[in-house]
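In: Okay, sequence plus prediction incoming.
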Amino acid sequence: MPYKLLIIGGSAGSLQVILSLLSASGSGIPVPVLVVLHRNGIFESSLEELLSIRTGLTIKEVEEKEPLRPGIVYICPADYHVLIEKDHSFSLDYSERVHFSRPSIDVTFRSAAEVYGPDLICLLLSGGNADGADGLVYVQTHGGMVIVQDPLTADVPYMPQQAISRMKPDFIVPAEEIPTFIRGLVR
Amino acid sequence: MEINPIQYEELELLLNDLYKRYGYDFSEYSKASLQRRILRLFTLDKFPSFAEFRYRLQTDAQYFRRFVEEITVNVTEMLRDPSFYRTLRTTILPVLATYPFIRIWHAGCSTGEEVYSMAILLKEAGLLQKSLLYGTDINPLVIEKARKGIFPVSQMQKYSENYIQSGGVKDFSAYYTANYHLAKFDSSLTGKMIFSTHNLVSDFSFNEFQLILCRNVLIYFERDLQSKVFKLFDYSLENFGYLALGSKESLRFSPIADRYRQVGREKIWRKVHDAL
């Protein structure tokens, strides 16, 4: 499979799914992974630490101008949008919130779709706002793979529901099957 | 949904036009963010095609002014990152207090909230009388706003919380007069401020400072332009002066890094040698 980047967007109720997905990856994931999580100041600095301890993977906060590297799980810093440049490096952006969110999932999905086109996988998880849906439409238009958590298995179904009402994802996957499913795509 | 109507190649054409026509050089801005801002303006103003957008910019100087206003990011707040301002209070201002006269430059100050924050800190440290705060930005519209010192009253609760967390012990509301939905900051603060347009890409150093703040501006620049701006700051900073950056910005990879030392954990660096 030619996929070169996996982006996971999540809000309320998504952390558990992210943890089980990353924990199940064993020796790591052979593509860069970018996690866009609405943090609202709750996790702040402890999020990287938590993910690192629980998954054993290399977890790091995105730094501006840093090139994306396979095998690393990048976390968007609180209060910045994360964009991706044509040369496959990160940019940070402190412009207006989108869907009351910074980082916004839409912003990152759109920017990555421009650069990665069909080489991109976007996964949208549980959450309580409409962020991510527009971005997924854009990803699909650019040939990227769109996967949405089955709202019936989401702690907060609103976000995946919004996405499904706006577009037809390539796959709608129950929470417990997400780790196996994703691993199958990015072997 | 649309495929992006402005491709990278077109973006470059547009930037080239603007440089030739108006002398504003955006070619070394980070493209992902710039493209997003330009696309936002394109959509907002309902242009039917890229060609028409490009033509309007080339032929209408007023519209170019709007372009500058809209593509620059003007999100800011007072006393953002309270721990940063706490460090200014406890570590930096006591050093600045030893100077007979204090000059501070807020580069890319947008609507001025950080300049007002600094003035409050200086006032509380008894230093405002011997200080001068320069606020500059590429965007003339935000400079106009900064001069007025009028901010939405709706923000004051947040700012007041930031103020307390930054170590403030007074009543924050004493610094402004509220009138309907606006809060006008005290003229004792504005009296020590000078606002002017200044383009970090093309304009030169205009003074020597003991403290330069440039927070969340460099993230919008590519590395080479960042380096150029760091050199401009270095040139504009007295020996033993301080340079303060945004919470995700760093001097680490810059050409001036070896002559600066970071102050504690905040994004503040002190110049420890002059250029050779």
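Out: Cool, got the structure.

In: Specify the local secondary structure of B:Thr43.
Out: helix (DSSP: H, G, I helix; E, B strand; the rest coil).

In: what about it, how many residues close to it?
Out: Neighbours of B:Thr43 under the rule other C-beta atoms under 10 Å in any protein chain shown: 11. For the C-beta atoms, the positions are set from N, CA and C on the backbone; glycine is no exception.

In: Model confidence at it, what's the number?
Out: Confidence at B:Thr43, expressed as pLDDT, is 93.

In: residues in contact with the longest helix seen in chain A?
Out: Assignment by DSSP state H gives helix A:105-116 as the longest helix of chain A. Contact partners of helix A:105-116, identified using C-beta atoms under 8 Å, 6 or more residues apart in numbering or on different chains, comprise A:4-5, A:7, A:9-11, A:34, A:36, A:38, A:76, A:81-86, A:88, A:93, A:98-99, A:120, A:122, A:124, A:131-136, A:138-139, A:141-142, A:144, B:4, B:32, B:35-36.

In: So what angle separates the directions of the helix or strand just after that helix and helix A:105-116?
Out: As assigned by DSSP states H and E, the chain's next helix or strand after helix A:105-116 is strand A:120-124. Here the directions of strand A:120-124 and helix A:105-116 differ by 170 degrees (axes from the mean of the first three to the mean of the last three C-alpha atoms, to 10 degrees).

In: Give me the sheet partners of strand A:120-124 and which way each runs.
Out: Strand partners for strand A:120-124, identified by DSSP bridges, are recorded as strand A:5-10 (parallel), strand A:145-149 (parallel).

In: Just the C-alpha atoms of that strand, please, in CSV.
Out: Below are the C-alpha coordinates for strand A:120-124, written out as CSV (Å, rounded to 0.1, in the frame of the first residue of the first chain):
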residue,chain,number,x,y,z
LEU,A,120,-3.3,9.9,2.9
ILE,A,121,-5.4,8.1,5.4
CYS,A,122,-7.7,10.1,7.6
LEU,A,123,-9.5,8.6,10.6
LEU,A,124,-12.2,10.6,12.4
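
In: So what touches that strand?
Out: So strand A:120-124 is contacted by A:3-10, A:105, A:109, A:112-113, A:132-133, A:135-136, A:139, A:142, A:144-149, A:159-160, A:163, A:169, A:178, A:182, A:185-186 (C-beta under 8 Å, 6+ apart).

In: And the helix or strand following that strand, how far out from the chain middle?
Out: Downstream of strand A:120-124, the first helix or strand assigned by DSSP H and E is helix A:133-141. A distance of 13 Å separates the centroid of the chain from that of helix A:133-141, by C-alpha atoms, centre = their mean, to the nearest Å.

In: Quick one: residues contacting B:Asn74.
Out: Counted by C-beta under 8 Å, 6+ apart, B:Asn74 has contacts B:Ser110, B:Thr111, B:Asn139, B:Val142.

In: And the spatially most central residue of chain B, how far from B:Arg215?
Out: Nearest to the mean C-alpha position of chain B, by C-alpha atoms, centre = their mean, lies B:Gly108 at 2.4 Å. From B:Gly108 across to B:Arg215, the span is 8 Å (C-beta to C-beta, to the nearest Å).

In: Can you name the residue of chain A nearest chain B?
Out: Here chain A gets closest to chain B at one residue, A:Leu83, 3.7 Å apart by C-beta to the nearest C-beta.

In: and that residue, what are its bridge partners?
Out: If you apply DSSP bridges, the partners that A:Leu83 bridges to are A:Ser91.

In: Would you mind naming what in chain B lies close to chain A?
Out: Residues of chain B lying close to chain A by C-beta under 8 Å from any C-beta of the partner chain are B:1-4, B:8, B:30-33, B:35-37, B:73, B:75, B:216, B:219-220, B:222-223, B:246, B:248-250, B:253.

In: now do 7 Å
Out: Within reach of chain A by C-beta under 7 Å from any C-beta of the partner chain, chain B has these residues: B:1, B:3-4, B:8, B:30-33, B:36, B:73, B:75, B:216, B:219, B:223, B:248.

In: Give me the neighbour count for B:Ser196.
Out: By the criterion of other C-beta under 10 Å, B:Ser196 has 15 neighbours.

In: just A:Val156 next, same as before
Out: Residues lying near A:Val156 (other C-beta under 10 Å) number 18.

In: so what's the backbone phi/psi at the nearest residue to A:Gly28 once chain neighbours are set aside?
Out: Sequence neighbours aside, A:Gly71 is the residue nearest to A:Gly28 in space, at 5.0 Å (criterion: C-beta to C-beta, 6 or more residues apart in numbering or on different chains). Main-chain torsions, A:Gly71, degrees, to the nearest 10: phi 90, psi 0.

In: A:Gly71 contacts A:Lys60, correct?
Out: No: contact criterion C-beta atoms under 7 Å: A:Gly71 and A:Lys60 do not qualify, at 11.1 Å.

In: Pass me the low-pLDDT residue ranges in the chain, would you?
Out: Using chain A. A:1, A:40-45 (pLDDT under 70).

In: other chain: chain B
Out: Scanning chain B with the threshold set as pLDDT under 70 gives B:1-3, B:275-276.

In: Chain A against chain B: which residues are in contact?
Out: Chain A comes close to chain B at residues A:64-65, A:77, A:80, A:83-86, A:91-96, A:111, A:114, A:137-138, A:141, as judged by C-beta under 7 Å from any C-beta.

In: What's the ChimeraX syntax to select whichever of those residues are buried?
Out: Provided next is the ChimeraX selection string for whichever of these are buried by 16 or more other C-beta atoms under 10 Å in any protein chain shown:
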select /A:64,65,77,80,83,84,85,91,92,93,94,95,111,114,137,138
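
In: give me the number of residues near A:Val35?
Out: Residues near A:Val35, counting by other C-beta under 10 Å: 28.

In: I'd like to know the beta-bridge partner residues of it.
Out: Note on A:Val35: beta-bridge partners by DSSP bridges are A:Ile8, A:Ile75.

In: hang on, isn't it packed against A:Pro77?
Out: No: at 11.2 Å, A:Val35 does not count as touching A:Pro77 under the criterion of C-beta under 7 Å.

In: what do those two both touch?
Out: Common neighbours of A:Val35 and A:Pro77, using C-beta atoms under 7 Å, 6 or more residues apart in numbering or on different chains, do not exist here.

In: Grab the nearest non-local neighbour of the residue of chain B found nearest chain A.
Out: Closest residue of chain B to chain A, C-beta to the nearest C-beta: B:Ala32 (3.7 Å). Leaving aside its chain neighbours, B:Ala32 sits nearest to A:Leu83 (3.7 Å; criterion: C-beta to C-beta, 6+ apart).

In: which residues touch B:Leu11?
Out: Going by C-beta under 7 Å, 6+ apart, B:Leu11 touches B:Lys31, B:Gln35, B:Ile38.

In: Show me what counts as buried in the helix or strand hosting the last one.
Out: Using DSSP H and E, the element containing B:Ile38 is helix B:31-44. By neighbour count on 16+ other C-beta under 10 Å, the buried set for helix B:31-44 is B:Lys31, B:Ala32, B:Ser33, B:Leu34, B:Gln35, B:Arg36, B:Arg37, B:Ile38, B:Leu39, B:Leu41, B:Phe42.
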